[in-house]
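Colleague: A structural model of the following input is requested.
(one chain, ligands or ions: 1)
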Amino acid sequence: MRDKELYKQIMGIHSPWEVTDVELSMATEEVTVHVGQEAGTQQTCPHCGTPCSGYDKRYRRWRHLDTCQFKTLLVAEVPRVKCPQHGIVTVKVPWAEPGSGFTALYEALVIDWLKEASIQAVSRQLSLSWNAIDGIMQRAVKRGLARRQTEPVTHIGVDETAFKKGHDYVTIVSDGKRVLHVADERKTSSLDSYYDTLTDEQKAGIVSISMDMWPAYIKATLENIPDARAKIAFDKFHVAKYLGAAVDKVRKYDHMDLGTPLWGVEDDSMEGGGRERLEHVLEVETRQEQRSRSNCRGRI
Ligand SMILES: [Zn+2]
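Modeller: Presented below is the predicted three-dimensional model:
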């Protein structure tokens, strides 16, 4: 296999693009792959797809995955076209995103490394500047967000997290595996800002929304999600907490009705000697506790 065909295959270059030359520099330890368009290629506007006449060409280069120990660069003269609607614009190339100096495969490699190591380590190992890494991350985030607009959303969880000694809150929306949205504070508008990113189809496709019993989140969900009442699920912790408090309250008042208030009921309005009975109960309880402790000591 000739070097041009080899690089065409391994770099995934296909019509109307072709590998026109491959250069190897032993001095700089670099492989430079030249790519060009086939003769007679019809140019189109990258924004609207309208067939356009060529305007000029711009020399561009991208860093690609290394060939063994050799740094590998892809270079091409990229046509610019003159679109009646969008003016003079550069055509899209299939191996890289607009504005990037790296091929898509190289950016994927950097993102994979960033999942394993710090930015500092990746910067050092791949000889990349922080700005270059930041650009790669920004483009990855943009791609991820663009993908999300078409993804169905089914089960989400809404939670609040406090920071700065518990005085500031952020609202976090997740799907159980990843964070979908973060907003300041824990207001209705905080959760509204997530719902605003969804299409009507995505909103209708939500099956369940798990949250604590926070009125602002309930309000935002009722206002944004069709049939929200059937979809809101309160988390177990808060349900158990409120249920426990409610049961305790009922228990205390039941005992008051029966005239046998329990300790813990601090009510000056108790009538019929209730307070005395409460104090008596407390006294008996204290004595029993002291006896129990003393028995324990005896056994030890
Ligand atoms: Zn156009």
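Colleague: pretty sure Ser221 contacts Ala230?
Modeller: Small correction: residue 221 is Thr, not Ser. No: counting by C-beta atoms under 8 Å, Thr221 sits too far from Ala230 to count as a contact (11.3 Å). From N, CA and C alone the C-beta is placed, and that goes for glycine too.
Colleague: Which of the residues in the lengthiest strand in the chain are classified as buried?
Modeller: With secondary structure taken from DSSP state E, the chain has its longest strand at strand 51-67. Using 16 or more other C-beta atoms under 10 Å as the test for burial, strand 51-67 gives Cys52, Tyr55, Trp62, Arg63, His64, Thr67.
Colleague: Go through these and name the one nearest Ala27.
Modeller: Ala27 lies nearest to Thr67 out of these, by C-beta to C-beta, at 15.6 Å.
Colleague: got the contact list for that closest one?
Modeller: Val31 (C-beta atoms under 8 Å, 6 or more residues apart in numbering).
Colleague: repeat that for 10 Å
Modeller: For Thr67, the contact set (C-beta atoms under 10 Å, 6 or more residues apart in numbering) comprises Leu6, Tyr7, Ile10, Val22, Leu24, Glu29, Glu30, Val31, Val33.
Colleague: what about it, distance to the ion?
Modeller: Distance of Thr67 to the ion, computed by C-beta to the ion, to the nearest Å: 37 Å.
Colleague: So for that residue, what's the pLDDT?
Modeller: Thr67 carries a pLDDT value of 93.
Colleague: what are the ranges of the helices in the stretch 101-250 of the chain?
Modeller: Secondary structure of the stretch 101-250 of the chain (DSSP state H, counting those that start in this stretch): helices located at 104-116, 119-126, 130-148, 188-195, 200-205, 215-224, 236-257.
Colleague: I'd guessed Thr20 sits against Gly36; true?
Modeller: Yes: if you go by C-beta atoms under 10 Å, Thr20 and Gly36 touch, sitting 4.6 Å apart.
Colleague: what sits in contact with each of these two?
Modeller: Contact criterion C-beta under 10 Å, 6+ apart; residues shared by Thr20 and Gly36: Val75, Ala76, Glu77.
Colleague: can you pull the pLDDT of the second one?
Modeller: Same thing as Ala76. pLDDT, Ala76: 96.
Colleague: follow-up on the earlier one: just the buried ones from the shared contacts of Thr20 and Gly36?
Modeller: So, by 16+ other C-beta under 10 Å, the buried ones in the shared contacts of Thr20 and Gly36 are Val75, Ala76.
Colleague: for the shared contacts of Thr20 and Gly36, which one is nearest Asp248?
Modeller: Nearest to Asp248 among the shared contacts of Thr20 and Gly36, with distances taken as C-beta to C-beta, is Ala76, at 73.7 Å.
Colleague: so where's the stretch 101-250 of the chain uncertain?
Modeller: Along the stretch 101-250 of the chain, the model assigns pLDDT under 70 to residues 164-167, 238.
Colleague: rerun that using 90 as the cut-off
Modeller: Within the stretch 101-250 of the chain, the ranges that satisfy pLDDT under 90 run 127, 141-153, 160-168, 175-181, 197, 199, 212-214, 233-250.
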